[in-house]
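Peer 1: here is my input; please provide its structure:
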Amino acid sequence: MDNSPPPIIRAITHQMEATDTSLLQLSRDTDIPRSTLQRRLRTGRGLQLDEINRIAVALGTTASQIIQQAEVA
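Peer 2: Residues are numbered from 1 along each chain as shown. This next block holds a predicted model:
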């Protein structure tokens with residue numbers, strides 16, 4: 001069984017690394033509890049479109065750009 005993260009999670013974590021954004025900072029900027037955000041980024045489960053949008057804004061991009069990155073991955 002493949003344990004690699006879903007493409008959307010890889011795209012988000014890539015953008016986090018590119019912008020040098022920590023999980024704690026992303027949690028604060030998105031108003032998503034750190035434990036919830038950590039769980040979503042670990043499993044990809046329960047990640048909602050509004051959360052992707054808030055994450056994208058906090059990372060200086062758009063949800064559509066993150067989704068496009070995930071599709072090419």
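Peer 1: who's in contact with the closest residue to Ala70 other than its chain neighbours?
Peer 2: Sequence neighbours aside, Pro7 is the residue nearest to Ala70 in space, at 3.9 Å (criterion: CB to CB, 6 or more residues apart in numbering). In this view, the C-beta of every residue, glycine as well, is placed from N, C-alpha and C. By CB atoms under 8 Å, 6 or more residues apart in numbering, the contact set of Pro7 is 69-71, 73.
Peer 1: repeat for Thr30
Peer 2: Contacts were defined as CB under 8 Å, 6+ apart; by that measure Thr30 touches 37, 51, 54-55, 57-58.
Peer 1: excluding chain neighbours, what is closest to Pro5?
Peer 2: Nearest-residue entry for Pro5: Gly44, 6.3 Å, with adjacent residues in sequence omitted and distances by CB to CB, 6+ apart.
Peer 1: got a quick ChimeraX command for the buried subset of the contacts of Thr30?
Peer 2: Taking 16 or more other CB atoms under 10 Å as the burial criterion, the selection of buried members of the contacts of Thr30 in ChimeraX is written as:
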select :37,51,54,55,58
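Peer 1: which positions in stretch 21-41 come out as buried?
Peer 2: Along stretch 21-41, the positions that meet the burial threshold by neighbour count (16+ other CB under 10 Å) are 21, 26-27, 30, 32, 37, 40-41.
Peer 1: what's the end-to-end length of it?
Peer 2: 14 Å (CA to CA, to the nearest Å).
Peer 1: where in the chain is pLDDT low?
Peer 2: Under the criterion of pLDDT under 70, the regions of the chain flagged as low confidence span 1-2.
Peer 1: can you give me the helices in it?
Peer 2: Per DSSP state H, the chain carries helices over the ranges 7-18, 23-30, 34-43, 49-58, 63-72.
Peer 1: ok and the third one relative to helix 23-30, angle-wise?
Peer 2: Going back to what we said before, that points to helix 34-43. Here the directions of helix 34-43 and helix 23-30 differ by 110 degrees (axes from the mean of the first three to the mean of the last three CA atoms, to 10 degrees).
Peer 1: roughly how far is helix 34-43 from the heart of the chain?
Peer 2: Centroid separation between helix 34-43 and its chain, computed with CA atoms, centre = their mean, to the nearest Å, is 9 Å.
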